[in-house]
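K.L.:
starting from these lines, generate the structure:
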Amino acid sequence: MSLCLASAGVIKALSVAAFTLVWTHSVEKVEWQEDWHVRQDGLALVAARVKGAGGGMEPPPDARRADGWDRWTPRLAAQRDVILGNSGAVGEWRLCVDGRCRALSEVLGHPVGLNTTTMSVCDGMQTASMERSAAPPNDAAVKRRDARELVVRGDEFIAKGDQDRAIVAYSEAIALNLKSAEIYNKRGEAYRAIGDRPRAIADFAAAIRLDPKYAKALDNHRALARDLERLGALMAVSNRQSFNCRTTTEAAEKAICMSRTLLQLDREINAVFGKVIGAAEKDGRFAIDELRARQRDFVVQRNASFGKTDFDLRKALVRRLDELLVLDRN
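P.N.:
Predicted coordinates for the structure are as follows:
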């Protein structure tokens, strides 16, 4: 089996059966490590440890201290994809194999910057992409044909609900110099669907620069800019999780605590829900009991569905946040 890393249109395959991810907390400078196995059914997280504690990095109740580390075995089903974010505030994720650790930029051969990196077990699409990138440069006509094929493939992934692979396909098309407002808008919509709003709005803006009258991009940019302004204002005064990472016994919540991206989504959901409840108490726009019941139902369904093969925790959080943002707009 091979591990594939995809970031900003670049795909790198590593022939490994096991690896370790290392990350350092941006404020507390606490180190977090995860041991992963590459399996036929996906990427399996087999062990985790943290050296100390920091905001959002508290070990679960079943952790055991050894050699200065809090260690535990996560109860998490094998993952088809794992998304690694990069805030830019500290060093990158580091990937360690056989005792040698390298930053993702070094592994991928280009600066990762603020781009997300998708880890997965290599499949046929990624192998074909690597063969294309390794091939000598072709003439412009061949590049245009390959780029159009990538866009079609990206659209197919979108139809299947696989935004991560769609982003890779659209990014490769752009890298082949297929720079159109439509492609940037497509990639922006895919980024928005996975909750990556900063990259989504950047793509919508790029689409507008290429075609200032492109209605889809204009509408997407306007709506997302409003959401970002509201979220920014809310997070400045209410940036709390909806549960305690140290005491939770729910597997879904433990998984949220282990991901900066999921943790941020939970905090945003909590902040927007609090604002909607506050508005209901103030002017009666919404039925408070119904709002609280819907939120409880979301949490119950999220926890019950976590670990099932057809459940995507990140997408579930993004959908719930979008639902609350719609209420907040009204």
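K.L.:
domain map for this structure?
P.N.:
By the assignment in automatic domain parsing, the chain contains the domains 3-125, 136-225, 238-329.
K.L.:
need the ones you listed in CSV with distance to L231, mean neighbour count and mean pLDDT, can you?
P.N.:
The way it works is simple: take the backbone N, C-alpha and C, and place the C-beta from them, glycine included. Formatted as CSV, the domains of the chain follow (distance: least, C-beta to C-beta, whole Å; neighbours: other C-beta atoms under 10 Å; pLDDT from 0 to 100):
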stretch, distance to L231, mean neighbour count, mean pLDDT
domain 3-125, 16, 17, 80
domain 136-225, 8, 19, 85
domain 238-329, 6, 16, 86
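K.L.:
CSV for those, including distance to G232?
P.N.:
Below are the domains of the chain laid out as CSV (distance: least, C-beta to C-beta, whole Å):
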stretch, distance to G232
domain 3-125, 15
domain 136-225, 10
domain 238-329, 10
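K.L.:
any figure for the gap between the closest residue to P111 other than its chain neighbours and T118?
P.N.:
Leaving out its chain neighbours, the residue that sits closest to P111 by C-beta to C-beta, 6 or more residues apart in numbering is S105, at 5.0 Å. To T118, S105 is 15 Å away according to C-beta to C-beta, to the nearest Å.
K.L.:
before we move on, the earlier item: contacts only, for the residue nearest to P111.
P.N.:
Neighbouring residues of S105 by C-beta atoms under 8 Å, 6 or more residues apart in numbering: 92, 111-112.
K.L.:
which SS class is it?
P.N.:
Under DSSP: H, G, I helix; E, B strand; the rest coil, the three-state class of S105 is helix.
K.L.:
L84 versus that one, what's the distance?
P.N.:
The spacing between S105 and L84, counted by C-beta to C-beta, is 12 Å.
K.L.:
just A173 next, same as before
P.N.:
23 Å.
K.L.:
how about V38?
P.N.:
15 Å.
K.L.:
repeat that for L228.
P.N.:
22 Å.
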